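[1] predicted structure and sequence below. I'll ask about it afterward.
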Amino acid sequence: MTTSLVTGATAGLGAAFARRLAAGGDGPRERHRLVLVARDAERLEQVARELREGFGAEVEVLPADLATDTGIAAVEERLRDRARPVDVLVNNAGFGNRGGFLDVPVEDELRMLTLHCEAVLRLTTAALEVMRERRRGYVVNVASVAAFMPRGTYSASKAWVVRFTEGLAQELRGSGVRFMALCPGFVRTEFHQRAGMDASRLPSFAWLDADAVAAAAVRDLALGRVVSVPSLRYKLAVGLARHVPSTLYGRVSSRAGRRYDPRG
Ligand SMILES: NC(=O)c1ccc[n+]([C@@H]2O[C@H](COP(=O)([O-])OP(=O)(O)OC[C@H]3O[C@@H](n4cnc5c(N)ncnc54)[C@H](OP(=O)(O)O)[C@@H]3O)[C@@H](O)[C@H]2O)c1
């Protein structure tokens with residue numbers, strides 16, 4: 001039995017991860033248990049039902065707001081439960097704030113840092129306690145191609161996710177636990193609508209499909225990649241970002257950002 005805990009599992013990329021992990025790929029006899037985390041309890045139950053009916057998976061739901069101390073603590077407790085160990089942790093929950101830096105109240109930026117950084121740090125630490133003892137486990141931290149571009153708190157928080165994950169992969173090499181930062185480009189999910197962004201003007205080639213991103217991530221994890229950038233076009237974009245001066249890349253990405261963010 002493989003147990004995977006996915007945060008932000010009710011929509012977009014998290015729901016795609018949950019489907020991918022519930023489906024497995026290791027033969028019909030392998031059974032999968034999912035622990036789904038998000039704030040909306042009703043939606044969690046609905047996704048759980050779909051996974052039980054569609055894939056025969058065992059599913060637990062754990063409603064929690066990971067931008068709060070109590071929400072993070074509840075998921076830490078589940079990850080530390082040695083009687084029901086978690087093999088795969090996917091730190092995926094995240095959101096964007098609408099507008100430029102000066103438009104966003106600092107409380108909203110802090111909420112983002114709590115969800116994107118503090119929750120990822122604390123959940124990874126809790127999962128690692130058990131994974132290290134068992135000498136097995138996988139941690140996938142969802143970052144973004146934005147991690148490679150200087151563009152506000154969102155990019156900075158995702159850059160932290162990438163560096164944090166790379167550091168752990170290095171430090172815990174040989175421990176039996178693997179780490180991967182997933183850096184997708186634009187994915188069709190609820191993300192942009194929730195952030196109040198008008199993404200309708202983005203060209204269709206910019207968009208990735210959530211199920212395809214989750215499938216690419218699982219493949220890259222099996223290959224032992226530490227940073228996964230799904231699709232050739234975004235691999236090229238990240239390759240370029242690593243070589244072009246960040247001031248220049250920042251100007252280009254800000255201009256592109258303003259095209260789909262009406263307030264930008
Ligand atoms: N979509 C993109 O273009 C894109 C590109 C690169 C990276 N990403 C990253 O991919 C990840 C998933 O985003 P998505 O595009 O799938 O977004 P999405 O469709 O809006 O889904 C976000 C998920 O996170 C949950 N969530 C949000 N705030 C939460 C909180 N405080 N506590 C617990 N759960 C919370 C939501 O459920 P509830 O509302 O019920 O809590 C939902 O399940 C994020 O980390 C995002 O930064 C997205």
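    Good, I have the coordinates.
[2] A strand includes V61, no?
    Yes. The assignment for V61 (DSSP: H, G, I helix; E, B strand; the rest coil) places it in a strand.
[3] nearest residue to it in space, please, no chain neighbours.
    With Cβ to Cβ, 6 or more residues apart in numbering as the criterion, V61 has its nearest non-adjacent residue at 4.1 Å, and that residue is L44. (Each C-beta comes from the backbone N, C-alpha and C, glycine too.)
[4] quick one: residues contacting that neighbour.
    9-10, 36-38, 61-63 (Cβ atoms under 8 Å, 6 or more residues apart in numbering).
[5] do that again at 10 Å, thanks
    By Cβ atoms under 10 Å, 6 or more residues apart in numbering, L44 lies in contact with 9-10, 36-38, 59-64.
[6] most neighbours out of those, which is it?
    Greatest neighbour count in the contacts of L44, by other Cβ atoms under 10 Å, goes to A9: 32 neighbours.
[7] isn't that residue right up against L66?
    No. A9 lies out of contact with L66 (Cβ atoms under 10 Å); the separation is 11.6 Å.
[8] tell me the residues that contact both of these two, please.
    Contacts common to A9 and L66, judged by Cβ under 10 Å, 6+ apart, are 37-38, 93.
[9] inside helices: which ones of these?
    Taking DSSP state H, every one of the shared contacts of A9 and L66 sits outside helices.
[10] shaky segments in the protein?
    25-30, 249-264 (pLDDT under 70).
[11] quick one: name the residues of it near the ligand.
    Contact residues (Cβ under 6 Å from any ligand atom) of the chain with the ligand: 7-14, 38-40, 43, 65-67, 92-95, 115, 142, 144, 184, 186-187, 189-191, 194.
[12] buried ones among these?
    7-14, 38-39, 43, 65-67, 92-95, 115, 142, 144, 184, 186-187, 189, 191 (16 or more other Cβ atoms under 10 Å).
[13] out of those, name the ones that lie in helices.
    Reading helices off these with DSSP H, I get 12-14, 43, 191.
[14] and the shared contacts of A9 and L66, which of them are in strands?
    Using DSSP state E to define strands, the subset of the shared contacts of A9 and L66 located there is 37-38.
[15] R78 is in contact with G71, correct?
    No. Judged on Cβ under 10 Å, G71 makes no contact with R78 at a distance of 11.5 Å.
[16] residues contacting the closest residue to A23 other than its chain neighbours?
    Nearest residue to A23 in three dimensions, chain neighbours excluded: F55, at 5.5 Å (Cβ to Cβ, 6+ apart). With contact set as Cβ under 10 Å, 6+ apart, F55 has these partners: 18-24, 31-32, 34.
[17] among these, which ones are buried?
    Looks like the contacts of F55 have 18-24, 32, 34 buried, using 16+ other Cβ under 10 Å.
[18] of all those, which two lie farthest apart?
    Farthest apart among the buried ones among the contacts of F55 by Cβ to Cβ are A18 and G24. That separation is 12.1 Å.
[19] what is in contact with those two at once?
    By Cβ under 10 Å, 6+ apart, the residues touching both A18 and G24 are 4, 32, 55, 57.
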